[in-house]
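> sequence-free structure coming up:
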């Protein structure tokens, strides 16, 4: 809250949802409100994360909505740059962007969420139904009538929301800047949610929104079980013994070898001997990473115009 209050601009409001805390949070929020440091808040028992977000979005009065989570770092200058872009392009309903990930148990490196950028490009080029990270999302309030609110039946709120908007006629923009860093805590609700259940929910969401999924027996075997993964295993067994010979032939013919995508990573200046509070240090390292990344890369925006022309080509290297 202190970071958010310090970053707020005169034309911005802070709307807070508290799920009925019993630890003094309501009194703390009331103090912030009375001092004019936050503009709206609600403190009452809710029915999960999506419910709290939805309350705030319905209370919000601004043209744009930026979801801010309590345990992650955000680059407010880059967010304002993205907001200015959206205000100049009213046809853009939702904007996503680059985001990093920092593990609280290993503060030496910050990884880039490359899948979010890659999935956006799939949607941009082929209208592929896909998922993206929710942390950097900015939503136009008037577009909520098109996108809908967050699904209160979902645990993976951003997975469901981004799959939904990529399946609808929603104009999604992209900023190449890094707007957020997820600070991964092993005690977070996300990590406490069983990984198999997370995968099951993501598959269920995709099965619902992606029209390429069908309910005939062949599709269920191929996509839902999925049979293709089982069939791929013996193929890999057959490839393994001949792969060295194939690689040697490719080198001889000067044919590039396929290499798995390397997730961009940024070393931090973390020094465990000088750390007093790992949480404060994590936010500082995240701030430095976002500032350095954005200073080193000129921000570019991509979105679809009414004629589906490319406004700017998003550099794959970023």
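Yep, it's here. As the structure is a prediction and not an experimental result, all values here were calculated from the model.

> got the domain boundaries for this protein?
Per automatic domain parsing, the structural domains of the chain span 1-45, 64-318.

> Comparing the ones you listed, which comes out most buried?
Most buried of these, by mean neighbour count (mean count of other CB atoms under 10 Å): domain 64-318, with a mean of 16. No exception for glycine: its C-beta is placed from N, CA and C like everyone else's.

> Would you check how far apart the residue nearest to residue 165 when sequence neighbours are not counted and residue 166 are?
Spatial nearest neighbour of residue 165, chain neighbours left out: residue 147 (5.2 Å); criterion: CB to CB, 6 or more residues apart in numbering. Separation of residue 147 from residue 166 (CB to CB, to the nearest Å) stands at 11 Å.

> Contacts only, for residue 173.
The contact partners of residue 173, by CB atoms under 8 Å, 6 or more residues apart in numbering, come to 85-86, 89, 92, 94-96, 301-303.

> try it again with 10 Å
The contact partners of residue 173, taken as CB atoms under 10 Å, 6 or more residues apart in numbering, are 82, 85-86, 89, 91-97, 120, 124, 138, 301-304, 311.

> Tell me which of these fall in strands.
94-97, 138, 301-302 (DSSP state E).

> biggest separation within those residues, which pair?
The distance between the two most remote of those (CB to CB) is 14.3 Å, for 138 and 302.

> Okay, strands next: where are they in this structure?
Secondary structure of the chain (DSSP E): strands located at 15-18, 40-43, 64-66, 72-74, 94-103, 106-112, 138-140, 172-184, 265-267, 301-302.

> To residue 195, which of those strands lies closest?
strand 172-184 (13.6 Å).

> who does the closest one pair up with?
Strands adjacent to strand 172-184 in the sheet, as given by DSSP bridges, are strand 72-74 (antiparallel), strand 94-103 (parallel), strand 301-302 (antiparallel).

> joint contacts of residue 147 and residue 166?
Common contacts of residue 147 and residue 166, defined by CB under 10 Å, 6+ apart, comprise 94, 172.

> distance of the residue nearest to residue 154 when sequence neighbours are not counted from residue 204?
Among residues not flanking residue 154 along the chain, residue 160 sits closest, at 3.9 Å (CB to CB, 6+ apart). In this view, residue 160 and residue 204 are 9 Å apart by CB to CB.

> Repeat that for residue 130.
Using CB to CB, residue 130 is found at 15 Å from residue 204.

> next one: residue 270
Distance from residue 270 to residue 204, counting by CB to CB: 38 Å.

> repeat for residue 40
From residue 40 over to residue 204 the distance is 34 Å, taken as CB to CB.

> cool, residue 271 as well?
From residue 271 across to residue 204, the span is 44 Å (CB to CB).

> what does residue 182 give?
Residue 182 is 23 Å from residue 204, where distance means CB to CB.

> Also residue 279?
For residue 279, the distance to residue 204 (CB to CB) stands at 34 Å.

> Equivalent analysis for residue 135, please.
Remark: distance between residue 135 and residue 204 (CB to CB) = 22 Å.

> now residue 299
Counting by CB to CB, the gap from residue 299 to residue 204 is 35 Å.

> Next up, the contacts around the residue nearest to residue 283 when sequence neighbours are not counted.
Distances taken as CB to CB, 6+ apart place residue 73 nearest to residue 283, at 5.2 Å, with adjacent residues excluded. Each residue near residue 73 by CB under 10 Å, 6+ apart is listed here: 3, 99-100, 102, 110, 135, 179-183, 282-287, 289-290.

> bridging residues for residue 73?
Going by DSSP bridges, residue 73 forms beta bridges with residue 181.

> Quick check: mean pLDDT of stretch 93-110?
Average pLDDT, stretch 93-110: 94.

> oh, and call the first residue 2 from now on, that's how I've got it
Understood, numbering begins at 2; the last thing we discussed is stretch 94-111.

> Need the per-residue pLDDT for the nearest residue to residue 84 once chain neighbours are set aside.
With sequence-adjacent residues excluded and distances taken as CB to CB, 6+ apart, residue 84 is closest to residue 65, at 5.4 Å. At residue 65, the model reports a pLDDT of 98.

> isn't residue 65 right next to residue 90, touching?
No: taking CB atoms under 10 Å as the definition, residue 65 is not a contact partner of residue 90, at 11.6 Å.

> which residue packs closest to the residue nearest the centre of the chain, ignoring adjacent ones?
Nearest to the geometric centre of the chain sits residue 134, at 1.8 Å (CA atoms, centre = their mean). Nearest non-adjacent residue to residue 134, counting by CB to CB, 6+ apart: residue 117, 4.4 Å away.

> show me the contacts for the residue nearest to residue 13 when sequence neighbours are not counted.
In space, and not counting its chain neighbours, residue 13 is closest to residue 63: 6.9 Å by CB to CB, 6+ apart. Contacts for residue 63 (CB under 10 Å, 6+ apart) come out as 12-14, 16, 40, 84, 141-142.
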